[in-house]
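**Student:** here you go, sequence then predicted model.
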Amino acid sequence: MASAVLVHGLYHQPEHFIQVAEGLRTAGVDVVTPELHRGSLTADTAAVQAAVDALAEPPLVLGHSYGGSVITGLRGVGRLVYLAAFVPDAHESAASLGGSSPQLQSAIESQSDGSTRLQPSRAVDALYADCPEHLAAWAAGLLRAQGAGCGRGVPERQSWKHIPSAYVVCAEDRAIDPGLQRIMAARCGSVQEWQTGHSPFVGRPELVIDLVQKLLDASNTPDGAIGGITSTR
């Protein structure tokens, strides 16, 4: 059975992928959605590595946003998919690559325990502005506090140099600058550009489901390409 591991970003939870996960499972894909928030990039990567190692075959692994830093450090993966995500090279972190936009930064509130959270209304504007209102409210309600320092973590390896990879640029993203995404996308084997905001798995889950299925079907291609640079509205 084909398998996919979906890796969320900062402040998010596996539940944010529920629409995508259910759609892929209906199509016969074995889907795993690991929980991050382990305290560091190293610990987050180890948690996802354990999920990968538990599968019978090397899976497709999709990382969203900070999740790109996590999947970059993995071993034993069949394909990497970066969804509006960071693609660090040696000695780089999500923060050093440019980090989040000023708009998303303005939503961050510090907590007394050293963690941060996102102010809900500002988070909706930065992360889910193009999503239907009820879905944006649902997604914002799932956001959780985030420990400090994960975005400054540097992956121990750069798996995109050795594993077939694809990048999805979200052209209407308000959380990670689309121009920065295009620069990072050049490191990957194929690129798609979607006219969506930062979180298409909330507002346009069918796009993510279709992409994952196509890449799984293309598992015999040498570079994981899905037709070069394409645009989807």
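**Tutor:** Okay, I see it.

**Student:** test my guess that L143 contacts G9.
**Tutor:** No: the criterion here is C-beta atoms under 8 Å, and L143 misses it with G9 at 10.5 Å. C-beta coordinates here come from the backbone N, C-alpha and C atoms, glycine included.

**Student:** these two: who's more crowded?
**Tutor:** A direct count of neighbours by other C-beta atoms under 10 Å for L143 and G9 places G9 higher, at 29 against 20.

**Student:** now that one: how far from A43?
**Tutor:** Separation of G9 from A43 (C-beta to C-beta, to the nearest Å): 16 Å.

**Student:** burial of T116, as a residue count?
**Tutor:** For T116, using other C-beta under 10 Å, the count is 16.

**Student:** run through the bridge partners of the closest residue in space to it that isn't next to it in sequence.
**Tutor:** Leaving aside its sequence neighbours, T116 sits nearest to I108 (C-beta to C-beta, 6 or more residues apart in numbering; 5.0 Å). Going by DSSP bridges, I108 is paired in beta bridges with L118.

**Student:** swap in L83?
**Tutor:** With DSSP bridges as the rule, L83 is bridged to H64, V168.

**Student:** my guess is A85 meets L97, correct?
**Tutor:** No: between A85 and L97 there is no contact under C-beta under 8 Å: 10.5 Å.

**Student:** ok, now how distant is the residue nearest the centre of the chain from V7?
**Tutor:** Among the residues of the chain, the one closest to the centroid is H64, at 0.8 Å (C-alpha atoms, centre = their mean). Plainly put, H64 is 7 Å away from V7 if you go by C-beta to C-beta.

**Student:** now the strands for the protein?
**Tutor:** 3-7, 30-32, 60-64, 79-83, 108-110, 116-118, 165-170, 190-194, 229-232 (DSSP state E).

**Student:** in the second one, what counts as buried?
**Tutor:** What that stands for is strand 30-32. Using 16 or more other C-beta atoms under 10 Å as the test for burial, strand 30-32 gives 31-32.

**Student:** in its sheet, what does it sit against?
**Tutor:** Strand partners for strand 30-32, identified by DSSP bridges, are recorded as strand 3-7 (parallel).

**Student:** how far out from the middle of the chain is the partner strand?
**Tutor:** Remark: strand 3-7 is offset 10 Å from the chain centroid, using C-alpha atoms, centre = their mean, to the nearest Å.

**Student:** so for that strand, what's the average pLDDT?
**Tutor:** Mean pLDDT, strand 3-7: 98.

**Student:** and the residue lying farthest from the centre of the chain, its phi and psi?
**Tutor:** Of all residues in the chain, S112 sits farthest from the chain's C-alpha centroid, using C-alpha atoms, centre = their mean; the distance is 28.2 Å. Reported as degrees, to the nearest 10, the phi and psi values for S112 are phi -60, psi -20.

**Student:** what pLDDT is listed against it?
**Tutor:** 88.

**Student:** next one: P222
**Tutor:** 49.

**Student:** try S100
**Tutor:** Per-residue confidence (pLDDT) for S100: 88.

**Student:** cool, and the one 4 residues further on?
**Tutor:** Among the per-residue scores, L104 shows a pLDDT of 92.

**Student:** start at 55, not 1
**Tutor:** Noted, 55 is the first residue going forward, which turns the last one into L158.
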